[in-house]
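> The sequence and its predicted three-dimensional model are supplied below.
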Amino acid sequence: MNDMLNETVNAAAEETAEVIAEEAAGINTEIVSDESENLLEVKDLTVEFHTDSGIVQAINGLSFSLKAGETVGLVGETGAGKTTTALAIMGLINCPPGFYKSGEIIYKGKDLMKIPESEYLKIRGREISMIFQDPMTALNPVMPVIDQISEVIKNHKHVSAKEAREEAIEMLKVVRIPPERADEYPHQFSGGMRQRIVIAIALACNPALLIADEPTTALDVTIQAQVLEMMRELRDNFNTSMIMITHDFGVVAETCDKVAIVYAGEVLESGTKRDIFKNPSHPYTVGLFGAIPNLNEDTEFLYQIEGLMPDPMDLPKGCPFAPRCSYAKDICHAEKPCVSRLPGEEHVVKCHKYTGSDENQEIVNEEWRDE
């Protein structure tokens, strides 16, 4: 039964990946910037939260990079550590209870973990901005939206109130909000319009890096498509780099250049969009693709990955996915896998399945397939 399930999952993943990749062909398949240096590098980032119940290991040696003009998608289940990673980059981890245990966050050659808060204030909102997950809670309910956009401009550009208002009006036009509604309050707008206002606030100072935390989760499909289209246009017009946090591979196919699969605070697999969609290699990535409905088949039940995300206060000793992995060997439970490079532009994976020499990998892969 387990063998049949594995075959079904792999087949569904391959078919689904091909369908989505074909639909996304021609969209953001090339790296926007020719620059060899990365705009952002997150290296072995580890973040913990010290609570009365124990230590929550939220981020565990997470690494990824981003060039100017690129978009990387962070994909994973709820609780994987995606939003915590974004907050860490923004410098919004409250200490205590949160602590940056180790690692580096290199932005334009500068380690953000070593700069004082006064310098971070100049970067946050001006050079690095974030679209928060829920626009209703991200906006101040007792301030007109124009004042909320103007506030960012005044704080970072040091212009007069009149000039800030004029720039804020222009930003509302950019996100397709009628200027005559500038003095209205957040509750007077629809969910899609509120999300556009949050985007306007994030882009008000033309940041080099925009972090979008599930910007379309609460929107219906039509409004979601409009918001994604607008974000693509803004990215192209302003040459803005983006970190897109999402559960939706369709969103990734539409907007991202690179993909990082996040689980239990680690990146288990990463590469270009083509690498991940054409050759999903980690069992977790395969499972995520397998859970996507196949438009060409009638299925009574969708595939689901058995089990739950591990308790961040009691993580497995070896691979964090081992307790849920149908391919797991003894070594998977005992030792953490190292990073292995796979064929492709930037394709890497953390899995014992791919460790060792090329010859060993072929033998191991054949054994795992047979089982």
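Right, received. Where do you want to start?
> Contacts only, for T285.
A13, I261, L268, E269, I276 (C-beta atoms under 8 Å, 6 or more residues apart in numbering). C-beta coordinates here come from the backbone N, C-alpha and C atoms, glycine included.
> Quick check: the gap between the second one and E269.
Yep, that's I261 we're talking about. Summarising the geometry, the distance separating I261 from E269, computed by C-beta to C-beta, to the nearest Å, is 4 Å.
> quick one, which of the two is more surrounded?
A side-by-side neighbour count of I261 and E269, using other C-beta atoms under 10 Å, places E269 first with 29 against 24.
> Next secondary structure after the helix or strand harbouring that one?
When elements are assigned from DSSP states H and E, E269 belongs to strand 266-272. On the C-terminal side of strand 266-272, the closest following helix or strand by DSSP H and E is helix 273-278.
> what's the helix or strand for R235?
The secondary structure element spanning R235 is helix 221-238 (assigned by DSSP H and E).
> buried stuff in that helix?
Neighbour-count burial for helix 221-238 flags I223, Q224, Q226, V227, L228, M230, M231, R232, L234, R235 (criterion: 16 or more other C-beta atoms under 10 Å).
> Contacts for it next, please.
Applying C-beta under 8 Å, 6+ apart, the contact partners of helix 221-238 are 28, 32, 69, 71, 174-176, 190-192, 195-196, 199, 203, 206, 210, 212, 215-216, 219, 240, 242, 251, 254-255.
> same question, stretch 48-61
Around stretch 48-61, the neighbours that count as contacts under C-beta under 8 Å, 6+ apart are 44-47, 81, 84-85, 88, 96-99, 101, 103, 264-266, 312-313, 315, 320.
> Now do the SS call for M313.
Of the three states, M313 takes coil according to DSSP: H, G, I helix; E, B strand; the rest coil.
> Tally up the residues packed near D134, please.
Close neighbours of D134, defined as other C-beta under 10 Å, add up to 15.
> in the stretch 151-300 of the chain, which segments are predicted with low confidence?
Across the stretch 151-300 of the chain, residues meeting the criterion (pLDDT under 70) sit at 218.
> ranges for the strands of the chain?
40-51, 54-66, 71-75, 98-107, 110-111, 128-131, 209-213, 241-246, 258-263, 266-272, 339-341, 348-350 (DSSP state E).
> Out of these, which gets nearest to C332?
For the strands of the chain, distance to C332 was read as C-beta to C-beta. The smallest value, 10.9 Å, belongs to strand 348-350.
> That closest one - contacts with which helices or strands?
Contacts defined by 3 or more C-beta pairs under 8 Å, 6 or more residues apart in numbering; DSSP states H and E place strand 348-350 against strand 266-272, strand 339-341.
> Need those strands in CSV (columns: distance to I305).
CSV is the format used below for the helices and strands packed on strand 348-350 (distance: least, C-beta to C-beta, whole Å):
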stretch, distance to I305
strand 266-272, 13
strand 339-341, 22
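> and among the ones you listed, the most buried is which?
Among the helices and strands packed on strand 348-350, strand 266-272 has the highest mean neighbour count (mean count of other C-beta atoms under 10 Å), at a mean of 25.
> between that strand and strand 71-75, how big is the angle?
Strand 266-272 runs at 140 degrees relative to strand 71-75, counting by axes from the mean of the first three to the mean of the last three C-alpha atoms, to 10 degrees.
> Helices of the stretch 251-371 of the chain, start to end?
Secondary structure of the stretch 251-371 of the chain (DSSP state H, counting those that start in this stretch): helices located at 273-278, 283-290, 330-334, 358-370.
> quick one: the second one to chain centroid distance?
Using C-alpha atoms, centre = their mean, to the nearest Å, the mean C-alpha position of helix 283-290 is found 17 Å from that of the whole chain.
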